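Undergrad: Got a sequence here, can you build the structure:
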Amino acid sequence: MDGPGVIAFQDGIDAARTDRLVIDDPGTRSVMPGGASGEVMWLYNFIPTYLIYPSPGCWELTGHLGGNEVKIVMELKPEMP
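TA: Just a heads-up that it's a prediction; the model follows:
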């Protein structure tokens, strides 16, 4: 929103960075986060990935799954020395 640059996605430690993250079959990639109940695991997929923010600022991510869209807004503050 006001952060300069473009957020990059990295789908694994050795993967190339991209400006889009596309996961073709989330069900086969899902991991089990600590403490998640069976019901939560049945309802959601948990896909670990890296998001690289190029600078502090206010950032908006837009996700699409099927016909649904979700927006996440996050403010990143500069590191204090």
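
Undergrad: which element follows the helix or strand of the chain with the lowest mean pLDDT toward the C-terminus?
TA: The helix or strand of the chain with the poorest confidence is helix 26-29; it has a mean of 79 (mean pLDDT, DSSP states H and E). Later in the chain than helix 26-29, the nearest helix or strand by DSSP states H and E is helix 38-43.

Undergrad: What average pLDDT does that following helix get?
TA: Mean pLDDT, helix 38-43: 82.

Undergrad: After that helix, which helix or strand is next? Please name it.
TA: strand 50-52.

Undergrad: Which strands border that next one, and is each parallel or antiparallel?
TA: Strand pairing for strand 50-52, using DSSP bridges, gives strand 8-10 (antiparallel).

Undergrad: and the least confident helix or strand of the chain, how far from the chain's centre?
TA: Centre-to-centre, helix 26-29 and its host chain are 15 Å apart (C-alpha atoms, centre = their mean, to the nearest Å).
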